[in-house]
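>>> sequence and predicted model, in that order:
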Amino acid sequence: MKVIEGGVTAAKGFEAAGVEANIKYQNRKDMALIYSTTPCQAAGTFTTNVVKAAPVLWDKDIVENSPFAQAVVVNAGVANAGTGVQGMAYCKEEADAASELLHIPQNAVLIGSTGVIGMQIPIDRIKEGIKLLAAAKADTLEAGHTAAEAIMTTDTHRKEIAVRFLVDGTEVTLGGMCKGSGMIHPNMCTMLSYITTDAAISKTLLQEALSASIQDSYNMVSVDGDTSTNDTCLVLANGLAGNPQITEKGEAYQAFCEALDYVNTYLAKQMAADGEGATALFEATVYHAATKQDARILAKSVISSNLSKAAIYGHDANGGRFLCALGYSGVHFNPDKVDLFIESKAGKIQIFQDGAALDYSEEEATKILSEPEVTVLADMKMGEETATAWGCDLTYDYVKINADYRS
């Protein structure tokens, strides 16, 4: 497997576009399209929030009941969440418009929205945007870039990646894009993430691969503890690579899963590092935990702690905060056995041993925590399982961004 340039247009048969539709923002792209020249197998994972946006409900139905999918239309600025029956009706209008312009069935059109909750989308501008997208779509890398830019809200940069790998001797490509910066604490997958591949794979295995992949990628990210109403991750596979269809687990399926995991993990870390107002990617690795689930819970508890996030922002090796976050995670362990370390490109030092603080150089600790990527490591001494979670520091700018997000 090798990383290549591009995102959602890297795989054969996929086109994309990003345009300015003036949904909420002025003078910036705010609508995106992903389109496959042939029908695709589709898989998806969605928010566990009881309050689900209309596009989430629409997409769940398409993934579960439609024979295939062929396009995704996404807008930024307005989430189409908390919009009741009218919100669902607008999803249908979007799908109808895309169906007519792209000459595909209405139930092959997936919908995505992100932005302010509780506002109805400006459907006339949305439909005009779909016209612009249909006219602009292309299979170029630049078209993929514009799509990745168009789904951003408070993101500071586009997030995309593509990889190439072999399946039964056939070259296969998988690429993706996502957006996410705030309201990030998923328990299913991610904010908005779209993966395209030219691999031939059965719908059953595609869904199984995605559902497994999110557990150690998107589900291990937290920026602010808020699980969005719109979280969606979709994978479209059109089979144009020409590999023998993957219909059972084996080497071919494993190769596909490794590529999918790589892309999803990369995108998850990109979102964590780009958390609203963030100055550092905050990583926590827990090892020697009793179970895999224990390791996941413990690691995510550390990066989700506001006090721990504030310590990272202040470059303060306040190990008591990390130990405290482990302690209230709900996982049983012996606190008198825990060792804690901090690490970055500037070095690594131990700050706790067997549950007690060590005498270490505060100057060295501050230097380590002043890097743009920092890691807290926790040795639980309870078993053999490991997990890593990703978050970011908590800064003054997070409050500024979210204090007037709607107005």
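On my side now, so go ahead. Numbering: from 1, shown residues only.
>>> please enumerate the helices of the protein.
Here the chain has its helices, by DSSP state H, at 54-65, 84-102, 123-136, 141-150, 203-213, 251-273, 292-304, 306-313, 319-327, 362-369, 396-403.
>>> so which of the ones you listed is nearest residue 219?
If you check each of the helices of the chain against residue 219 by CB to CB, helix 292-304 wins as the nearest, at 7.7 Å. Heads up, the C-betas are built off the backbone N, CA and C, glycines and all.
>>> tell me which stretches of the stretch 151-300 of the chain form strands.
All strands of the stretch 151-300 of the chain, identified by DSSP state E, counting those that start in this stretch, fall at 159-167, 170-179, 192-197, 232-237, 281-289.
>>> pull the residues that contact the fourth one.
It stands for strand 232-237. By CB atoms under 8 Å, 6 or more residues apart in numbering, the surrounding residues in contact with strand 232-237 are 14, 34, 36, 40-47, 55-56, 59, 63, 69, 72, 110, 112, 188-201, 206, 209-210, 214, 218, 260, 264.
>>> number of nearby residues for residue 263?
28 (other CB atoms under 10 Å).
>>> for the residue lying closest to it once chain neighbours are set aside, list each beta-bridge partner.
Nearest residue to residue 263 in three dimensions, chain neighbours excluded: residue 176, at 4.9 Å (CB to CB, 6 or more residues apart in numbering). With DSSP bridges as the criterion, residue 176 is bridged to residue 161, residue 195.
>>> would you agree residue 176 is in contact with residue 158?
No - counting by CB atoms under 8 Å, residue 176 does not reach residue 158; the two are 11.7 Å apart.
>>> so those two - more neighbours on which side?
residue 176 (29 against 21).
>>> mind checking pLDDT for that one?
With respect to pLDDT, residue 176 has a value of 98.
>>> do you know how far it is from residue 202?
As for residue 176, its distance to residue 202 is 20 Å (criterion: CB to CB, to the nearest Å).
>>> roughly how far apart are the residue nearest to residue 263 and residue 261?
As defined by CB to CB, residue 176 lies at a distance of 12 Å from residue 261.
>>> the helices of the chain: which one's closest to residue 10?
helix 141-150 (6.9 Å).
>>> other SSEs contacting that closest one?
strand 14-19, strand 31-46, strand 159-167, strand 170-179 (3 or more CB pairs under 8 Å, 6 or more residues apart in numbering; DSSP states H and E).
>>> off-centre distance for the second one?
In terms of CA atoms, centre = their mean, to the nearest Å, the centre of strand 31-46 is set 16 Å apart from its chain centre.
>>> for it, which strands pair with it and how are they oriented?
When DSSP bridges is applied, strand 31-46 pairs with strand 14-19 (antiparallel), strand 69-78 (antiparallel), strand 232-237 (antiparallel).
>>> relative to helix 141-150, how tilted is it?
Here strand 31-46 runs at an angle of 70 degrees relative to helix 141-150 (axes from the mean of the first three to the mean of the last three CA atoms, to 10 degrees).
>>> now strand 31-46 - C-alpha only, CSV.
Extracted C-alpha coordinates of strand 31-46, given in CSV (Å, rounded to 0.1, in the frame of the first residue of the first chain):
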residue,chain,number,x,y,z
MET,A,31,-21.8,22.7,-1.7
ALA,A,32,-20.1,19.5,-2.9
LEU,A,33,-20.9,16.6,-5.1
ILE,A,34,-19.4,13.1,-5.4
TYR,A,35,-20.5,11.1,-8.4
SER,A,36,-19.7,7.6,-9.8
THR,A,37,-20.1,6.9,-13.5
THR,A,38,-21.4,3.5,-12.5
PRO,A,39,-23.6,2.2,-9.6
CYS,A,40,-21.9,1.5,-6.3
GLN,A,41,-22.2,-0.7,-3.4
ALA,A,42,-22.8,1.6,-0.4
ALA,A,43,-22.1,1.2,3.3
GLY,A,44,-22.6,3.7,6.1
THR,A,45,-22.4,4.4,9.8
PHE,A,46,-24.3,7.2,11.5
